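J.: let me see the structure of the following:
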Amino acid sequence: MADLLCSARPYKNKRPEERGLDFIVVCAIIGGMKNLPPLLEFDNVSVVLKDRKVLDSLSLKIGVGENVAILGPNGSGKSTLIKTITRQYYPYPGKAPSVFKIFGEERWNIFDLRSLLGIVSDDLQQLCRQEISGEEIILSGFFSGIGLYKQKVTPEMKKKTREILDFLGITRLAGKYMNEMSSGEARRIMIARALVHDPKALLLDEPTNSLDLGALRKFQAMLGKIERSGKSIILVTHRLLDIIPRISRVILLKNGKLFMDGKKGAVLTSRNISALFDTPVRIREIKGYYYVG
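T.: Numbers count the residues shown, from 1 in each chain. From the prediction side, this is the model:
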């Protein structure tokens, strides 16, 4: 994430919890949120790894306030998409021009970016599985680190952390070490960590991997609560059950390409999902959730 840094405005005189997207506030005041640029904008983006196109001329836009699921089988390019957003990977400079923007900007100061988009991934969760308490992991989110060393934790940071723990109903995990938590508990702490900067949206990469049925239900309830609080949810997954009822749009990825994009009910059909996964399936919808079988 270090290469997201650019010197757009002075930040060193602000505390981490005060840093934010100043121009978003200006845009909202002048024209309202509807006039803001897309949250994510890909146009003709390709990513090449080991001489193979993992993303192939991908074009899509996700607007502010949208709740979206990006669904695809393993190998469809979902993880590459996440790593392109976090600048671990860069678009391939092909003959045709490409565009990749977050909120209308191609370069970001990391403090601005995390105030817009909170990213929760399994890779980051595995890095955090150490003898570090849940509360410390959340506090370290203010500094984009893992654990606390010589950073100065302010009373405001501690207060915000306690409020998030209470909001998510996980106060009991504050003193528990990450390497002693279940996968579901650790995932909820990672979401709490992503919320410390009050991002406009949460981007969740395969959020229910390794969760049992009970943990899955708790996780779904938590996502619903976060969405109702005004945050956008972007799910990147291969599981239909991750798609909570408040998600209205589904994007299908296959072989690194955009396979389909539209309203949830029109996209999540037996025919479309069978074609996506190359296997015949029957899709059922029950109370806003979609099931195979």
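J.: which stretches in the stretch 51-200 of the chain count as strands?
T.: Taking DSSP state E, counting those that start in this stretch to define them, one finds strands in the stretch 51-200 of the chain at 52-62, 68-71, 99-102, 117-120.
J.: mind checking which of those strands is nearest Gly293?
T.: strand 68-71 (16.9 Å; CB to CB). Any C-beta I mention is one placed from the backbone N, CA and C, and that applies to glycine too.
J.: could you pull up the mean pLDDT of the closest one?
T.: Averaging the model's pLDDT scores along strand 68-71 yields 95.
J.: so what strands line up beside that strand?
T.: strand 232-237 (parallel), strand 249-254 (parallel) (DSSP bridges).
J.: re the thing from before, point out the most buried one among the strands of the stretch 51-200 of the chain.
T.: With neighbours taken as mean count of other CB atoms under 10 Å, the strands of the stretch 51-200 of the chain reach their highest mean count in strand 68-71, at a mean of 26.
J.: pLDDT value on Phe100, please?
T.: pLDDT for Phe100: 85.
J.: quick one: contacts for it?
T.: By CB atoms under 8 Å, 6 or more residues apart in numbering, Phe100 lies in contact with 41-43, 45, 84, 91, 106.
J.: recalculate using a threshold of 7 Å.
T.: Counting by CB atoms under 7 Å, 6 or more residues apart in numbering, Phe100 touches 42, 45, 84, 91, 106.
J.: Ala186 now?
T.: 125, 129, 178.
J.: the residue lying closest to Ile170 once chain neighbours are set aside: how many residues sit nearby?
T.: Nearest residue to Ile170, sequence neighbours excluded (CB to CB, 6 or more residues apart in numbering): Arg188, at 5.1 Å. Residues lying near Arg188 (other CB atoms under 10 Å) number 23.
J.: any low-confidence regions in the stretch 51-200 of the chain?
T.: Segments of the stretch 51-200 of the chain classed as low confidence (criterion: pLDDT under 70) are 109-112, 114-115.
J.: sweet, I'm off.
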